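J.: Dropping the sequence and predicted coords here.
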Amino acid sequence: MSEARFKLLVAPPAIVSSAILVLLFIVLLYYSLPAIREYGLGLLASPTWKPVEGAPGEYGLLIPLAGTLVSAVIAVLLAMPLALASVVFTEEILPRGLYRWREAFVSMIDVMTGLPTIVYGLWGAAVLAPLLGDTLYKWLHRSLSFIPLFSCQPTTGNTILTAGVLLAIMITPFIYAVVRESYRQIPRTYREAALSLGTTRYEYVRIMMGMAKPAILAGALIGFGRAAGETVAVALVVGNTFNMPSCLLAPSYTVSSLIANQFANAQLYPLMLNVLVSGGLILLLIGIASNILGIMYLRRVRYVA
C-alpha cells in the first residue's frame, strides 16, 4: 500500500473522532447557554439548589463542583503510592525468573481497567462504605476531631471520603499503566550507569523514578480527569447530600452524581436541565485540560528516553 493511500485510510477515523469531540462541546455549550444567561457566575458561586415548579429556581453548582474536586484529589493522593509501589514491585522486586507471575500480576491490574464501573459501585456500597463507616471513620473522629476535616460525627459510611477511596481503587490501574510504560522505556545505559555507581536498590529506584517524573505527573493528571468524571460508582457511595465537603466524614455531592440523580426529574423544572448540562460541560473541560496536560508530560518522557 502506498503512503498516500495509507494516509487516506487512517485520516477519516481521526477526523471523525476530533469532530465528535468538537460537536459534543458545541452541543453542551448550546444547552448550557440559557442557564449561563440566567445565573451568570452565580452558577459556579452559589451553594443553593432549590427547584421551583413553573418558574426558574435557584441553582448553584458550587457544592457539587467542590465535591468533585475534593473526591478527585483524595483519589489521586491515595492512588499514586499504590500505583508507584506496584510499578516498583513488578519491574524491580519480582525476580526475572518469575516471568509468568509478573505477567499474571500485570494482567490482573489491566483487567481492573476494563471492569464495569457499576461493579465498583456495588462493591463500594455493599462492602467498602459500611466497613469504613464502622471502623476507620469512628476512629478518625475520635482521634482527630480537632482537625476540621474530621470534626463531624460520622453517621454513615456514604461520605465524600468513601467516594475518594473508591475512586482511588478505580484509577490506580490507569496511573500504573502510564508510569509502567514509561519506566520500561528508560534506556538500559542509564540503568547500567546508576548501578555502576554502587547504588542500593532503594537509591537505584529513586533515580529511575526521578527520570520517569513527567510520566508520574501525567499519570496523576489523567487519573484526576478520570476520577472527576466518574458517575455511577460515586453516586452509590458519596451520600448525595448538598453539604459543602469541608468535613470528609459527611455525605456530599459531585457534579456527576448530581446529574445522575436529578436528570430524570429535570424536565419538570425550568432551567434545571440546562444547569445539569452546564455541569457536564464543566466536567468535559476538566477532562480535556487534564488529558492535554498529561499528554504534554508524556511527550517529555519520550524526549528524555
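T.: Ah, there it is.
J.: For the rest of this, base every contact and every neighbour count on C-alpha atoms.
T.: Fine.
J.: Can you give me the buried ones in the host helix or strand of Tyr190?
T.: According to DSSP states H and E, Tyr190 maps onto helix 188-196. In terms of neighbour count (16 or more other CA atoms under 10 Å), helix 188-196 has its buried residues at Ala194.
J.: Give me the mean pLDDT for that helix.
T.: Throughout helix 188-196, pLDDT has a mean value of 85.
J.: Same question for stretch 130-143.
T.: Mean per-residue pLDDT for stretch 130-143: 92.
J.: Do me a favour and get the end-to-end distance for it?
T.: Stretch 130-143 has its terminal residues 19 Å apart, counting by CA to CA, to the nearest Å.
J.: show me where the stretch 101-250 of the chain has helices.
T.: With helices called from DSSP state H, counting those that start in this stretch, the stretch 101-250 of the chain shows them at 117-123, 129-134, 136-144, 160-184, 188-196, 201-211, 213-229, 232-237.
J.: which stretch among these comes nearest Val87?
T.: helix 160-184 (5.7 Å; CA to CA).
J.: next one: that closest one to chain centre, how far?
T.: Centre-to-centre, helix 160-184 and its host chain are 8 Å apart (CA atoms, centre = their mean, to the nearest Å).
J.: still on that earlier bit, if we look at the helix holding Tyr190, which residues are touching it?
T.: 204, 207-208 (CA atoms under 8 Å, 6 or more residues apart in numbering).
J.: Make TSV from these and add neighbour count, distance to Pro64 and pLDDT to it.
T.: Shown next, in TSV, are those (neighbours: other CA atoms under 10 Å; distance: CA to CA, whole Å; pLDDT from 0 to 100):
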residue	neighbour count	distance to Pro64	pLDDT
Tyr204	19	43	89
Ile207	16	40	89
Met208	18	39	89
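J.: How many residues are close by Pro154?
T.: Neighbour count for Pro154, taken as other CA atoms under 10 Å: 21.
J.: Return the per-residue confidence for it.
T.: The per-residue pLDDT reported for Pro154 equals 90.
J.: Hmm, it is touching Pro251, no?
T.: No: Pro154 is not in contact with Pro251 according to CA atoms under 8 Å; the separation is 9.1 Å.
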